[in-house]
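# Predicted model, plus sequence, below.
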Amino acid sequence: MSPALTRRLLAIHRMCGLIFSLNMLVFSVTGILLIFHEEIDAALGVTPRFEGGAQTVSLARAIELARATKPDGNATYVFQDEEEYPGSILVGMSPAGSRKLADSKPTFIDATSGAVRSDAYSDDSFSAVVFRLHAQLLLGPGGALLVGVIGLALLVSLGTGVVIYGPMMKRFLFGALRRKHHVRALVADVHKLLGVAAFGWTLVVTLTGTFLSIGSQLIQLYAVTELAELAKPYANSPIVSSYDTLDEAIKGAERASGGRKWGLVALPGSDFASPGHYAVLLKGHTGLDSRMLTLGLVDAADPTRVDHRQFPWYLRALLVSEPLHFGDYGGMPLKIIWTLFTLITIAMTISGVWVSFAAWRDRSARRRSEALDSGAAGATS
Amino acid sequence: MSPYAQPAIYWVAALVGLVLALLSEGTGDAIALALLCLPLLVIGRHVLRRS
């Protein structure tokens, strides 16, 4: 690679890194907090803990109970996850006039006693605010797209960093830190070591984060194309509002999927189902299969009629991106590894900014001294 | 030797570790975590080295 090209790539690397360094720090700090959001929520008492026991409340009954708390709202989904919310059934309630899952807020129902905790979820909870800062920079849905653009710039910074690493390190051993040189050389060496050794992880996390930033658009794309096509025959049907067949529909969807387990049901009329269908999201039991959701579209009037299908490639890629970005698939050891890598990213960002400013300061000082020298030389001649 | 020869090992280790952790269970997880730890250990070794 020619020195001129290396210099140009270094300039791009520095520019992308410097402009978005503050964003990178925000993503990193909020990312660490989000790694431990379950623990933080539990400590702050955000998630209600029910006593547990055998489930006696049917899902249809849980929806009834949730609707009674918000008579003007619409029930849009039912969700259950024994690991995350033990003993709870979550019913999504959207405000009047909306049937969007994104507008809905969960109402927690005790699966044993039927007790309702409509006040349990708060948009202003610490984790919710941290998540919005991380994913949308607190700018709403448009902010997610801005995060995507920043992600692309950070990918450019990472890519150019790796490309210029080779020419810059030709004369040095891997991991060499010039401790006896100028402090700028030492910090630059640390920056290069952190960047190049952690590149595999940072690349995956930045790539998946950038892809996740367009997640809402991809889900919307599926809803208005493939899902809308499936729901076309029912487009003008009245919206089913009695959910007596829901429990049976879930069993039918689980059977049709070959033993997968339901996780979430989008209720008829919501933006992820037809007016006459339940859209049952089904997950496998282990490993990657537990992340790769499939869809069971069940006729609400006749729950024996089930259409089980895979999601398109872009939604499957989105489903895989989430665990690879958040590192929430390997328990506490993986969370700790994710935290260490994120701390390295923070150190890499700060050291990169410091080196850039130090280089600029040294160049300015040299120019000033050269100007003084030439001025003095001119005066003596 | 190319300056990329050694870093490439850590990139592959991290990528294989990430995917293996996603795919595997039980003993597979331990291998995955070990692979993921490799770049961290290398950074630690070089930064903490005295000279």
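Structure's in. What do you need?

# and A:Val57, that one's in a helix?
No - counting by DSSP: H, G, I helix; E, B strand; the rest coil, A:Val57 is not part of a helix but coil.

# Can you tell me the closest non-neighbouring residue to it?
A:Gly114 (4.7 Å; CB to CB, 6 or more residues apart in numbering or on different chains). (Each C-beta comes from the backbone N, C-alpha and C, glycine too.)

# residues near that neighbour, how many?
15 (other CB atoms under 10 Å in any protein chain shown).

# cool, and the one 10 residues further on?
The burial metric for A:Asp124, expressed as a neighbour count using other CB under 10 Å, is 6.

# which parts of chain B sit against chain A?
B:2-7, B:10-15, B:18, B:21-25, B:29, B:32-33, B:36-37, B:39-40, B:42-43, B:45-47, B:49, B:51 (CB under 8 Å from any CB of the partner chain).

# residues touching the residue of chain A found nearest chain B, list them.
Chain A approaches chain B most closely through A:Gly200 (3.1 Å), counting by CB to the nearest CB. Counting by CB atoms under 8 Å, 6 or more residues apart in numbering or on different chains, A:Gly200 touches B:Tyr10, B:Trp11, B:Val12, B:Ala13, B:Ala14, B:Leu15, B:Leu18, B:Pro39.

# Is any residue of the longest helix along chain A near chain B?
Identified as the longest helix of chain A according to DSSP state H is helix A:331-380. Yes - Helix A:331-380 is in contact with chain B by CB under 8 Å from any CB, via A:Pro333, A:Leu334, A:Ile337, A:Leu340, A:Phe341, A:Ile344.

# Surely the first one touches B:Ala34?
Same thing as A:Pro333. No - using CB atoms under 8 Å, A:Pro333 makes no contact with B:Ala34, being 10.3 Å away.

# Name the residues of chain A found near chain B, please.
So chain A meets chain B at A:165-166, A:169-170, A:172, A:174-175, A:177, A:179, A:190, A:193-194, A:196-201, A:203-204, A:286-288, A:291, A:320, A:323-324, A:329-330, A:333-334, A:337, A:340-341, A:344 (CB under 8 Å from any CB).

# Setting the sequence-adjacent residues aside, check what's closest to the residue positioned nearest the centre of chain B.
Closest to where the C-alpha atoms of chain B average out (CA atoms, centre = their mean) is B:Leu38, at 3.0 Å. Sequence neighbours aside, B:Ala13 is the residue nearest to B:Leu38 in space, at 4.3 Å (criterion: CB to CB, 6+ apart).

# coming back round to it: check which helix or strand the residue of chain A closest to chain B maps to.
When elements are assigned from DSSP states H and E, A:Gly200 belongs to helix A:199-212.

# buried residues in that helix?
A:199-212 (16 or more other CB atoms under 10 Å in any protein chain shown).

# Format those as JSON lines; extra columns: pLDDT.
Formatted as JSON lines, the buried residues of helix A:199-212 follow (pLDDT from 0 to 100):
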{"residue": "A:Phe199", "pLDDT": "96"}
{"residue": "A:Gly200", "pLDDT": "95"}
{"residue": "A:Trp201", "pLDDT": "96"}
{"residue": "A:Thr202", "pLDDT": "96"}
{"residue": "A:Leu203", "pLDDT": "96"}
{"residue": "A:Val204", "pLDDT": "96"}
{"residue": "A:Val205", "pLDDT": "96"}
{"residue": "A:Thr206", "pLDDT": "97"}
{"residue": "A:Leu207", "pLDDT": "97"}
{"residue": "A:Thr208", "pLDDT": "96"}
{"residue": "A:Gly209", "pLDDT": "97"}
{"residue": "A:Thr210", "pLDDT": "96"}
{"residue": "A:Phe211", "pLDDT": "96"}
{"residue": "A:Leu212", "pLDDT": "96"}
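
# check contacts around residue 3.
Since you didn't name a chain, this refers to chain A. A:Pro167 are the contacts of A:Pro3 under CB under 8 Å, 6+ apart.

# Chain B is the one I meant
B:Pro3 makes contacts with A:Tyr165, A:Gly166, A:Met169, A:Lys170, A:Phe172, A:Phe174, as judged by CB under 8 Å, 6+ apart.

# Output these in JSON lines; the columns should cover neighbour count, secondary structure and pLDDT.
Listed next are the contacts of B:Pro3 as JSON lines, based on neighbours: other CB atoms under 10 Å in any protein chain shown; DSSP: H, G, I helix; E, B strand; the rest coil; pLDDT from 0 to 100:
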{"residue": "A:Tyr165", "neighbour count": "19", "secondary structure": "helix", "pLDDT": "95"}
{"residue": "A:Gly166", "neighbour count": "15", "secondary structure": "helix", "pLDDT": "92"}
{"residue": "A:Met169", "neighbour count": "20", "secondary structure": "coil", "pLDDT": "90"}
{"residue": "A:Lys170", "neighbour count": "9", "secondary structure": "coil", "pLDDT": "87"}
{"residue": "A:Phe172", "neighbour count": "13", "secondary structure": "coil", "pLDDT": "87"}
{"residue": "A:Phe174", "neighbour count": "19", "secondary structure": "coil", "pLDDT": "88"}
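
# A:Ser88 bridge partners, please.
Following DSSP bridges, A:Ser88 is listed with bridge partners A:Asp110.

# Any figure for the gap between it and A:Tyr329?
22 Å (CB to CB, to the nearest Å).

# Show the subsequent helix or strand relative to the helix or strand hosting B:Gly17.
Per DSSP H and E, B:Gly17 falls inside helix B:5-23. Remark: after helix B:5-23, the chain's next helix or strand is helix B:27-48, criterion DSSP H and E.

# And that following helix, what does it pack against?
Applying 3 or more CB pairs under 8 Å, 6 or more residues apart in numbering or on different chains; DSSP states H and E, we find helix B:27-48 packed against helix A:183-197, helix A:199-212, helix A:331-380, helix B:5-23.

# okay, now residue 19: neighbour count?
You didn't pick a chain, so chain A it is. 12.

# should've been chain B
By the criterion of other CB under 10 Å, B:Val19 has 16 neighbours.

# Look up the pLDDT of it for me, please.
We note a pLDDT of 87 for B:Val19 in this prediction.

# Kindly confirm my reading that A:Trp262 is in a strand.
Yes - counting by three-state DSSP, A:Trp262 is part of a strand.
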